[in-house]
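*Asks:* Fold the stuff below for me.
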Amino acid sequence: MTEPLVVSIPHRLGRAEATRRIKSGFGSAHAHFAHLVKISEERWEDSRLTFHASALGQTASGVIDVREDSVLVSVQLSWLLARFANAAAKMIRQQGTLMLEKPK
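*Replies:* Residues are numbered from 1 along each chain as shown. Next comes the predicted model:
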């Protein structure tokens, strides 16, 4: 395994509203990115999501920790998926920001 991919996304929503938006957006992301990534396990505990996913025949696991003023995404990637880490970080940051900025 490689070092985890860590992305921090700032917000001003407070923990409860940010969690609500991430929960809603994560469900929508399943459908939007189903052709690229399969989420095999998803478990919420308060404002923390633990998940397992697969892409390109490789597995990854991660945590989304919703904080009062930021969302911290940490994903442990296989060596193959780590080769795409920069592109993945950019996509995570873009999608996360969209989820948090969209008026609901």
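*Asks:* Show me the strands in the protein, by range?
*Replies:* 5-10, 38-45, 48-55, 58-66, 70-77 (DSSP state E).
*Asks:* buried set for the shortest one?
*Replies:* Neighbour-count burial for strand 5-10, with 16 or more other CB atoms under 10 Å as criterion, is recorded at L5, V7, I9. (C-beta placed from N, C-alpha, C; glycine too.)
*Asks:* With the third one instead?
*Replies:* In terms of neighbour count (16+ other CB under 10 Å), strand 48-55 has its buried residues at L49, F51, A53, A55.
*Asks:* what's it in contact with?
*Replies:* Contacting residues not belonging to strand 48-55 are listed as 22-23, 26, 36-43, 59-66, 81 [CB atoms under 8 Å, 6 or more residues apart in numbering].
*Asks:* So how do I select the buried members of those residues in PyMOL?
*Replies:* Command for PyMOL that selects the buried part of those, burial taken from 16+ other CB under 10 Å:
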select buried, resi 22+23+26+37+60+61+62+64+66+81
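*Asks:* Would you mind confirming that A88 is in contact with Q94?
*Replies:* No - counting by CB atoms under 8 Å, Q94 is not a contact partner of A88; they are 10.8 Å apart.
*Asks:* Which one's more surrounded, the two?
*Replies:* Taking other CB atoms under 10 Å, A88 and Q94 do not tie; A88 has more neighbours (20 against 11).
*Asks:* Could you name the helices and strands sitting against the lowest-mean-pLDDT helix or strand in the chain?
*Replies:* Of all regular secondary-structure elements in the chain, judged by mean pLDDT, DSSP states H and E, the least confident is helix 79-82 with a mean of 76. Contact here means 3 or more CB pairs under 8 Å, 6 or more residues apart in numbering; DSSP states H and E; on that basis helix 79-82 packs against strand 58-66.
*Asks:* so how far is the strand it packs on off the chain centroid?
*Replies:* Distance, stretch centre to chain centre, for strand 58-66: 7 Å (CA atoms, centre = their mean, to the nearest Å).
*Asks:* Same check on stretch 8-15?
*Replies:* In terms of CA atoms, centre = their mean, the centre of stretch 8-15 is found 14 Å from the chain centre.
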